[in-house]
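>>> Sequence first, then the predicted structure:
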Amino acid sequence: MIDISKADKVEVLLRLFNDGHNVSMFEQKYGQGSPTAELASRLQAQATPVMTREQAQRFVASGRLSFDYVGPRKFLVNLSGDTFDETMYDRDAGPGHARRVLEGLEGVRVL
């Protein structure tokens with residue numbers, strides 16, 4: 001669990017999205033490494049390479065802070081509260097990835 005109560009949620013969202021492993025719905029359906037999933041991942045990377053600060057600000061301003069997918073990209077993150085349970089994010093990005101991505105960000109504390 002990560003305490004994000006004093007963190008800038010725009011920055012938290014940007015770091016998690018832009019530094020996370022990109023698991024698409026195509027990889028889930030066809031399996032990582034399959035030709036279909038690889039082609040889909042390349043196309044997806046071209047369509048959704050990064051989240052901009054402006055996009056993150058719009059999500060935060062709208063109050064929409066619980067995600068399953070952003071576009072075709074799997075992004076299991078809930079930033080709506082004061083803490084962030086990184087379990088599902090790390091399942092896709094790799095063990096400890098959320099903590100490494102958020103390490104050093106002002107207002108973030110690992111519980």
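Received the coordinates, thanks.

>>> so how many other residues sit close to residue 13?
24 (other CB atoms under 10 Å). (Glycine included, C-beta is placed from N, CA and C.)

>>> Quick one: residues contacting it.
The contact partners of residue 13, taken as CB atoms under 8 Å, 6 or more residues apart in numbering, are 51, 56, 59, 60, 65, 77, 79.

>>> Give me the subset of the residues you listed lying in helices.
56, 59, 60 (DSSP state H).

>>> For the first one, grab the count of nearby residues.
As a burial measure, the neighbour count of residue 56 was computed by other CB under 10 Å and equals 21.

>>> Look up the closest residue to residue 6, ignoring the ones flanking it.
Nearest non-adjacent residue to residue 6, counting by CB to CB, 6 or more residues apart in numbering: residue 107, 3.6 Å away.

>>> do the same with residue 82
Residue 82 sits nearest to residue 5 (CB to CB, 6+ apart), 3.7 Å away.

>>> ok so that neighbour is a helix residue?
No: read with DSSP: H, G, I helix; E, B strand; the rest coil, residue 5 is coil and lies in no helix.

>>> ok, now which ones touch it?
So residue 5 contacts 82, 83, 107 (CB under 8 Å, 6+ apart).

>>> Likewise for residue 16?
Contacts of residue 16 (CB under 8 Å, 6+ apart): 75, 77, 89, 98, 101, 102.

>>> Tabulate the ones in helices among the contacts of residue 13 (TSV), appending pLDDT.
TSV is the format used below for the ones in helices among the contacts of residue 13 (pLDDT from 0 to 100):
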residue	pLDDT
56	94
59	95
60	96
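
>>> Can you tell me which of the residues you listed is nearest residue 69?
residue 59 (13.0 Å; CB to CB).
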